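Q: Build me a structure from this.
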Amino acid sequence: MKKINFYIAILFFPVIAFSQGSTPDLFYNNGDNVYIQSGAILHVQGDVVNAGAGTLTNNGLLNIEGDLTNNGTLTTDAHVGEGTVRLIGNSTMAGSAAAGVQTLSGTLSSPGTASFYNLVIDGGAAGQVMALGANALVTGSLVWNGSSTLANTYNPSNFPNTLGNSSIMQVRGSVPTGNGIIQSSGQVLYIPSSVTTSIAGYGPTSYVSGYLQRGVAPDYSYDLPVGSSSNYELANIKFNGSMAGTTSLTANFNTPAPTQPDPATCIINGQPINSLLNAGYWTIHPDNQPTAGTYTVTLNMTGYSNEPSAGTNAQGGSVTPGQQIGIVKRTNSSSPWLGCGMRVYGNSSTDQGTGECTGNGSFANNVAFAERIGVPSFSDFGIGLEEYNSATLPVDLIELSAVPIDNSYIRVNWATASEQDNKGFEVMRSEDGANFTNIGWVNGNGTSNVQNNYTYDDKTAQPNVVYYYKLDQVNTDGIGIQTNIVTAQITAGPGITVSELIPNPTSGKTRLVINSTTGSQSASVRFYDILGKLMIGSNNQITAGTNVLDFDMSSFADGTYTSIISIGNTIYSKKVVLVK
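A: Residues are numbered from 1 along each chain as shown. Predicted coordinates for the structure are as follows:
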């Protein structure tokens, strides 16, 4: 049969609709060339089938209420018109008022011959499902529309600008809803554009339940709107400017929650992690792991049922539910979950894993939020629960520090405000912040309501090694808790050592001890809050020997603060917790 060319254009009628009563395939192209011109609308109140010999070129707007099957050539031209396929969903098909499943199948991921340019999701009701029966490629934008305003189509090829004034593409037609869960069982939805708004309009009824891959670029922030079949689980990745080697991320959300963390080995800032929020966990994998730079990951979880109650920390202070969660990370499903800790000298974690948990988790409107910064690689992520409880703790620890003495050995100092059945303390040391060994024992004072001061001198410390210290407090019944971690270093020959902030936590005043074996030089100290706001700063002149720098934080709000110390070409990073 001879092929014909079928052109659809806006001439006298703005919309051309096809309907064949109860026939399942309401628009069937069995070998023709169908061309939708720029500015035209083809509205199909049912299924669209483009058979193997068919060619469907869409430079306008194709509205589909039923399923889409492409076994032929499906092309769009981004430089001519909208090039938009809009899935309205089958809630309106055949007069139905119920949400249902709209299926995309066939060949949909071949650049230039079988792919979408702009794909708009506008299911008729919350719960509408768009099921992927095959991998799908969207070379332009994926948008859950939710607006009936006529505007120019978003053009990712014009990065970082748009053709219109809106960052979200708005299309013509009947009033849209923006509903629709894109669901797959192993298929991948590809959005190669690295424009941050090439995916837009997502939310609790508008996300991907399955695998979503999107392009990324340095120094930008990317939402990954994924979830389960019933819950929206948004993740965000914010790259720093030096990120290199990664050009795309693939994300999905897994249910149920996997193997639980081991509290003996999964630690966040000295606090054991014994479980995960039970909605599930994220897998975020790159095309290539970054070769340089780091990123911040934020997770927003819904659908959990094990939100913690308010508790008590190791110092006896109260903690909110949000302060009891942190992001844990593992390499793959066969690897253990690892926590994270405070950074040393602006580099690696003092605890384990990679990155730094900022301690600003929260629970609000049935959404759990957690953040982790300075992460260098991608893998599985979950939200871990810390082992807080509301019972009276055996030891009220008010200070823990490690300082070099005369640049020959390291002294670990700590103090308690009260003790109950305290047998003593194991002094633990590590050279990598993850693997600790017991290097000494200090007897406790049993039960006491007065302040007790303790020291332990580590005279086996070697020069030019950063050592990590923590205490394992042991009760008379053999049960106890682990403390947070502090660091110290002695040097061989000329050098600088910077202590932790003392005391930590503090109720207002804190100090740094800087030991120098060199001549006079300047030391800049700046304190920042968790949002990066500069709180106080000072320029100091240090000399050979021991230099003590005191700081007053009593005017700050309770929270965690980062001190950045610059001496010569070296930058040190220290954390301090303020609890009034």
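Q: mind listing the helices in the stretch 151-300 of the chain by residue range?
A: For the stretch 151-300 of the chain, no helices are identified by DSSP state H, counting those that start in this stretch.
Q: Okay, now the unreliable bits of it?
A: 151-176, 257, 269-270 (pLDDT under 70).
Q: make it 50
A: 151-154, 156-168 (pLDDT under 50).
Q: which residues in it form strands?
A: 180-191, 199-200, 206-215, 221-227, 232-239, 248-254, 267-268, 271-276, 281-286, 295-301 (DSSP state E, counting those that start in this stretch).
Q: Pick the most buried one from those strands.
A: The highest average neighbour count among those, using mean count of other C-beta atoms under 10 Å, belongs to strand 267-268 at a mean of 30. Where C-beta positions appear, they are placed from N, C-alpha and C, glycine not excepted.
Q: hmm, back to that, adding distance to residue 557, write the strands of the stretch 151-300 of the chain out as TSV.
A: Below are these laid out as TSV (distance: least, C-beta to C-beta, whole Å):
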stretch	distance to residue 557
strand 180-191	40
strand 199-200	35
strand 206-215	35
strand 221-227	26
strand 232-239	24
strand 248-254	34
strand 267-268	22
strand 271-276	22
strand 281-286	31
strand 295-301	22
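Q: Out of those, which is closest to residue 334?
A: strand 281-286 (13.3 Å; C-beta to C-beta).
Q: rewinding a little: residue 464 is nearest to which of the strands of the stretch 151-300 of the chain?
A: Going by C-beta to C-beta, the one of those nearest residue 464 is strand 267-268, 26.0 Å.
Q: Would you mind pulling up the elements that that closest one packs against?
A: The contact analysis (3 or more C-beta pairs under 8 Å, 6 or more residues apart in numbering; DSSP states H and E) places strand 267-268 against no helix or strand.
Q: Off-centre distance for it?
A: Distance, stretch centre to chain centre, for strand 267-268: 17 Å (C-alpha atoms, centre = their mean, to the nearest Å).
Q: show me the contacts for the closest residue to residue 556 other than its chain neighbours.
A: Of all residues beyond its chain neighbours, the one nearest residue 556 is residue 578 (5.5 Å), with distances taken as C-beta to C-beta, 6 or more residues apart in numbering. Residue 578 makes contacts with 505, 506, 507, 508, 553, 556, 557, 558, 559, 560, 561, as judged by C-beta atoms under 8 Å, 6 or more residues apart in numbering.
Q: can you tell me which of those residues lies nearest to residue 239?
A: Nearest member of the contacts of residue 578 to residue 239, counting by C-beta to C-beta, is residue 560, at 23.3 Å.
Q: doesn't that closest one fall inside a strand?
A: Yes. Under DSSP: H, G, I helix; E, B strand; the rest coil, residue 560 falls within a strand.
Q: Kindly write the PyMOL command that selects the buried subset of the contacts of residue 578.
A: Filtering these down to the buried ones (16 or more other C-beta atoms under 10 Å) takes a single PyMOL command:
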select buried, resi 505+506+553+556+560+561
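Q: Neighbouring strands - and their directions - for the helix or strand hosting residue 472?
A: Secondary-structure element containing residue 472, defined by DSSP states H and E: strand 467-475. Using DSSP bridges, the strands paired with strand 467-475 in its sheet are strand 409-430 (antiparallel), strand 480-482 (antiparallel), strand 486-488 (antiparallel).
Q: Which positions within that strand qualify as buried?
A: 467, 468, 469, 470, 471, 472, 473, 474, 475.
Q: The fifth one pairs with what?
A: Just to be clear, that refers to residue 471. residue 427.
Q: just checking, it touches residue 399?
A: No. At 11.3 Å, residue 471 does not count as touching residue 399 under the criterion of C-beta atoms under 8 Å.
Q: tell me, what's touching the two both at once?
A: By C-beta under 8 Å, 6+ apart, the residues touching both residue 471 and residue 399 are residue 414.
Q: Give me the distance from stretch 517-530 to the chain's centre.
A: On C-alpha atoms, centre = their mean, the centre of stretch 517-530 falls 32 Å from that of its chain.
Q: Check stretch 440-453 too.
A: 41 Å.
Q: count of residues packed around the closest residue to residue 46 other than its chain neighbours?
A: Distance criterion C-beta to C-beta, 6+ apart; nearest residue to residue 46, sequence neighbours excluded, is residue 26 at 3.0 Å. By the criterion of other C-beta atoms under 10 Å, residue 26 has 22 neighbours.
Q: likewise the one 3 residues further on?
A: Burial of residue 29, expressed as a neighbour count using other C-beta under 10 Å, amounts to 20.
Q: before we move on, what about residue 555?
A: For residue 555, using other C-beta under 10 Å, the count is 8.
Q: try residue 219
A: With other C-beta under 10 Å as criterion, residue 219 counts 11.
Q: Which residue is the nearest non-sequential neighbour of it?
A: Per C-beta to C-beta, 6+ apart, closest to residue 219 is residue 241, 4.3 Å.
Q: Is residue 545 bridged to anything, and to what?
A: Going by DSSP bridges, residue 545 forms beta bridges with residue 516.
Q: Report pLDDT for it.
A: Here, the pLDDT recorded for residue 545 equals 81.
Q: just residue 540 next, same as before
A: 89.
Q: Grab the nearest non-local neighbour of it.
A: Going by C-beta to C-beta, 6+ apart, residue 540 has residue 523 as its nearest residue, at 4.7 Å.
Q: if we can go back for a sec, could the contacts of residue 578 go into TSV alongside pLDDT and distance to residue 368?
A: Below are the contacts of residue 578 laid out as TSV (pLDDT from 0 to 100; distance: C-beta to C-beta, whole Å):
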residue	pLDDT	distance to residue 368
505	84	25
506	85	29
507	85	30
508	88	32
553	91	29
556	90	26
557	88	23
558	86	21
559	85	19
560	84	19
561	87	24
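Q: circling back: show me which residues of the helix or strand hosting the residue nearest to residue 540 are buried.
A: For residue 523, the enclosing helix or strand under DSSP H and E is strand 521-528. Neighbour counts over strand 521-528 (16+ other C-beta under 10 Å) mark 523, 525, 527, 528 as buried.
Q: export those residues to TSV and tack on pLDDT and distance to residue 140?
A: Putting those into TSV (pLDDT from 0 to 100; distance: C-beta to C-beta, whole Å) gives the following:
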residue	pLDDT	distance to residue 140
523	88	53
525	91	49
527	90	46
528	83	40
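Q: Looking at those, spot the one nearest residue 215.
A: Using C-beta to C-beta, the buried residues of strand 521-528 come closest to residue 215 at residue 528, 32.0 Å.
Q: tell me the domain ranges of the protein?
A: Domains of the chain are assigned by automatic domain parsing as 1-215, 245-391, 392-490, 494-580.
Q: Same list as before, these that is, but in a markdown table and with distance to residue 227 included.
A: Output for the domains of the chain, formatted as a markdown table (distance: least, C-beta to C-beta, whole Å):
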| stretch | distance to residue 227 |
| --- | --- |
| domain 1-215 | 5 |
| domain 245-391 | 5 |
| domain 392-490 | 33 |
| domain 494-580 | 27 |
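Q: closest one to residue 230 among those domains?
A: Using C-beta to C-beta, those put domain 245-391 closest to residue 230, at 6.6 Å.
Q: among the strands paired with strand 467-475, which is nearest residue 53?
A: Nearest to residue 53 among the strands paired with strand 467-475 is strand 409-430 (67.5 Å), distances taken as C-beta to C-beta.
Q: so after that closest one, what's the next helix or strand?
A: Using DSSP H and E, the first helix or strand after strand 409-430 is strand 437-448.
Q: what about that next one, distance to the chain center?
A: That offset, for strand 437-448, works out to 39 Å (C-alpha atoms, centre = their mean).
Q: In terms of secondary structure, what does that strand contact?
A: Partner elements for strand 437-448 (3+ C-beta pairs under 8 Å, 6+ apart): strand 409-430, strand 452-458, strand 467-475.
Q: If anything else comes up later, I'll come back, but that's it for now.
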